[in-house]
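> one predicted model, sequence on top.
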Amino acid sequence: MPLNCWSLASRAPRFQFLGQTTDTLRHRRYPHTQFNPCYRFMPKTTHHHQSYCSLHSSVSTSKLGQDQGRFSSSTTMENGGHYLRNGFQAATGESYTKELEVAVRAVQMACSLCQKVQQKLISKSQDQVQAKEDNSPVTVADWSVQAIVSWILCETLGRSNVSIIAEEDVQSLSKTRAAGLLETVVQTVNSCLAEAPLFGFQPPEAPLDALQVLEAISRCSSTMPPSSKFWALDPVDGTLGFVRGDQYAVALSLIDHGEVVLGVLGCPNYPMRKEWLSYHHRYHRIVSRLTPPAEDSWDKGCVIYARKGSGEAWMQPLVQEGKKLVWPNSARRVRVSAVDNPEMATFCEPVEKANSSHSFTAGLAHSVGLRKQPLRVYSMVKYATIARGDAEVFMKFARTGYKEKIWDHAAGVVIVQEAGGVVTDAGGRPLDFSGGLYLQGLDRGIIASAGAELHERIIKAVDASWNSSSLGEGEKAS
Ligand SMILES: Nc1ncnc2c1ncn2[C@@H]1O[C@H](COP(=O)(O)OS(=O)(=O)O)[C@@H](OP(=O)(O)O)[C@H]1O
Ligand SMILES: [Mg+2]
C-alpha cells in the first residue's frame, strides 16, 4: 500500500494551530509515545489524490491481496501474511496489519448479523427489543455482535493477546427472566458463526452453548480497560437508529497506550448515494421495489477502516449474503471533501437534541456561514460521512456533565484523520483516549472537519458564543 509521506513522524510538517504546533501538543499531552496522536494538519493540496507524496512500499496492494487471500482461505490465520515480518514493517511502523484484517472481517460478519436482526425487527415483532435499566433500547444484535467479535478476536489472535472494553455487560442477559432472550442470542450467534468460513474464519467445532456465549460476552469489560493495549467495541452504535430501521454502526478500534491505532466502522445502511443518507426508508422502498440491486451492487452498506499513521482510509462494500469475502473485497480509498467554503459545506450532527444541542450548532453554523440544513444522522456513521467526503463538518455538543465514552468515538476519529480530516475537542485539542472508559478532559464538544481552515473557524465561533449560550450557562451553574 502506498504510504502517505506525512505519516512519517520525522517528515511530518508542523502546522501552527491555536498558537501551537502539532509537535508542541504531542509532547505536552503524549510525552510517552512515538506516534503523532494529533489531528493531521495537511496543506490544502493534500486533499487531492494526485498531490500525495507517496512512498510505495515493497508491499503493493496486489501483493497484499495475494498473501491475505492465502491466509484467509486457511482456517486460523495464525500463519498468514509473511509481510508482517519483513523489514519494511519495522522501518515504517506499519504494524497491526493482521489485527486490522481480522477486525475488518469480524465487523463484516457482525454487519451481516445486524442486517438480519434489523430486518426481522422491522418486518415482524418488537420482541427483540429489551428495556435496559436506563431505559435505552437494547437488542439481540448488541449482545450477539459482542459475543461474535469477542469470540473471533480471541480465536484468531489468541485469547491471551486480546483485551476488550465493550458497551454491554452480561448481567441483564444472565438473569433467569431473560432466558428467552438468551436463547435468541445463542441462536443468533450460532447461525452467524456457521457462516464464519465465508469471512475467512474457522467456525467452532460445535455450536456454542449458552455458557460459552455468556463467557464470550463477559470477556469484555464495560468499566475499565483490562490492559494498556485493548480493543474498544460498540456492538451497535446508534441504538435508536437501529430500532428505527435507520443508520447505525458497528464500531471496533484498537487502542495501544492511549493511542487509537486502528479503527473499523461497519455502516450497514450507508447509502452509496449520499442524497439518500437522510431518506433511508424511502430509498430502501424505492430501490427494493423498482430496481432490485445487482449481486455486487454498492447500493447500501460498507465497512470503513484505517490504521493510524498510514495516511489512508479504506472502504469495502458489505459482503452480499451467501458470498465469500475475498480480501481486499473491492476496497476503495476514501478521502475527505475538498470543499472549504462554508457556504458549500454540509455539517452533520446527532439526530436527538438530547445528545447534542441543536440550537447551539445552529448558532455556530450561522456565524461560520454554513448555509445548508444540518444533516442529522444516527451513530458514528457521522464520522463516516466526513471520511467519505459526503459532509464537511461533524459537531457534537452534549449537555454539561455528560462524559463521552471512548467506544463512541475511537474508530471514527482515526478514520477521519487518516482520510485527511481533523478531529479535536472544541478547544482544538486532540481527543484523549488514554484514561479508560471516558474521553479525558474534553473541552466542551467534539468537532470533526474535512479541513483545518473550516475547523479553525468553528473553534473560533465556539469561543465567541459559548459564554452567552445555554450550554455555557449550564457549565457555570454546575
Ligand atoms: N445525554 C447524552 N448526550 C450525549 N451523548 C449521549 C447521551 N446519552 C447517550 N449518549 C451517547 O451518544 C450515542 C449516540 O450518539 P449519536 O451521535 O448517535 O446520537 S443520535 O442517536 O444521533 O441522537 C449513544 O450511543 P449508543 O448508545 O450506542 O446509541 C450514547 O453512547
Ligand atoms: Mg454508542
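Done, it's in. Ligands and ions are numbered 1, 2, ... in the order given.
> ok, the one residue in the stretch 351-478 of the chain that gets nearest to ligand 1 - how many residues close by?
Nearest residue of the stretch 351-478 of the chain to ligand 1, counting by Cβ to the nearest ligand atom: residue 352, 3.1 Å away. C-beta: built from backbone N, CA, C; applies to glycine. A count of nearby residues for residue 352, using other Cβ atoms under 10 Å, gives 12.
> and what of the one 3 residues further on?
Per other Cβ under 10 Å, the neighbour tally for residue 355 reads 17.
> check which helix or strand covers the closest residue to it other than its chain neighbours.
Among residues not flanking residue 355 along the chain, residue 398 sits closest, at 6.3 Å (Cβ to Cβ, 6 or more residues apart in numbering). Under the criterion DSSP states H and E, no helix or strand holds residue 398.
> residue 398 against residue 445, yeah?
Yes: shown here, residue 398 and residue 445 form a contact pair, counting by Cβ atoms under 8 Å, at 7.0 Å.
> how about the helix or strand where residue 363 lies: buried residues?
Here residue 363 sits within helix 358-368, counting by DSSP H and E. The neighbour-count check on helix 358-368 (16 or more other Cβ atoms under 10 Å) flags 358, 360-361, 363-365, 368 as buried.
> near ligand 1 too, which of those?
Counting by Cβ under 6 Å from any ligand atom, the subset of the buried residues of helix 358-368 that neighbours ligand 1 is empty.
> distance to ligand 2 and pLDDT added to those residues, as CSV?
As requested, the buried residues of helix 358-368 are exported to CSV (distance: Cβ to the ion, whole Å; pLDDT from 0 to 100):
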residue, distance to ligand 2, pLDDT
358, 19, 97
360, 21, 97
361, 19, 97
363, 26, 96
364, 23, 97
365, 24, 97
368, 27, 97
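> so which of the residues you listed is the closest to residue 325?
residue 361 (38.2 Å; Cβ to Cβ).
> is the residue nearest to residue 240 when sequence neighbours are not counted in a helix, a strand, or coil?
Nearest residue to residue 240 in three dimensions, chain neighbours excluded: residue 378, at 6.0 Å (Cβ to Cβ, 6+ apart). State at residue 378, reduced to three classes by DSSP: H, G, I helix; E, B strand; the rest coil: coil.
> and residue 118, by the same measure?
helix.
> what count of nearby residues applies to it?
23.
> enumerate every residue touching it.
Listed by Cβ atoms under 8 Å, 6 or more residues apart in numbering, the contact partners of residue 118 are 141, 242, 245, 248, 268.
> among those, who's most crowded?
residue 248 (29 neighbours).
> count the residues that sit near the residue nearest to residue 240.
Residue 378: 23 surrounding residues under other Cβ under 10 Å.
> and the gap between it and residue 319?
Per Cβ to Cβ, to the nearest Å, residue 378 is found 23 Å from residue 319.
> quick one: least confident helix or strand in this structure?
Among the helical and strand segments of the chain, the one scoring lowest on mean pLDDT, DSSP states H and E is strand 54-56, with a mean of 26.
> low-confidence ranges in the protein?
Residue ranges of the chain with pLDDT under 70: 1-94, 122-138, 279-298, 478.
> same thing but 90
For the chain, the stretches with pLDDT under 90 are 1-95, 117-139, 167-181, 221-227, 239-246, 271-300, 321, 467-478.
> the residue lying closest to residue 364 once chain neighbours are set aside - how many residues pack around it?
Nearest residue to residue 364, sequence neighbours excluded (Cβ to Cβ, 6+ apart): residue 461, at 4.9 Å. Residue 461 has 19 neighbours, counted by other Cβ under 10 Å.
> go on, the one 5 residues further on?
By other Cβ under 10 Å, the residues close to residue 466 number 18.
> the closest residue to it other than its chain neighbours: neighbour count?
The shortest distance from residue 466 to any non-neighbouring residue, by Cβ to Cβ, 6+ apart, is to residue 472 (4.5 Å). A total of 16 residues lie near residue 472 under the criterion other Cβ under 10 Å.
> relative orientation of whichever strand or helix holds residue 472 and helix 358-368 in degrees?
Using DSSP H and E, residue 472 falls within helix 470-477. The directions of helix 470-477 and helix 358-368 differ by 120 degrees, with axes from the mean of the first three to the mean of the last three Cα atoms, to 10 degrees as the criterion.
> helix 470-477 packs against which elements?
helix 358-368 (3 or more Cβ pairs under 8 Å, 6 or more residues apart in numbering; DSSP states H and E).
> which residues sit against the helix it packs on?
342, 347, 349, 353, 370-371, 374, 395, 397, 454, 457-458, 461-462, 464-465, 469-471.
> which of the residues you listed are buried?
342, 347, 349, 370, 374, 395, 397, 454, 457-458, 461-462, 465, 469, 471.
> if we can go back for a sec, roughly how far out does the helix holding residue 363 sit from the chain middle?
Here helix 358-368 is found 26 Å from its chain centre; the criterion is Cα atoms, centre = their mean, to the nearest Å.
> how about stretch 464-478?
For stretch 464-478, the distance to the chain centre is 30 Å (Cα atoms, centre = their mean).
> what does that stretch contact?
Contacts for stretch 464-478 (Cβ under 8 Å, 6+ apart): 357, 359-360, 363-364, 367, 397, 399-401, 426, 444.
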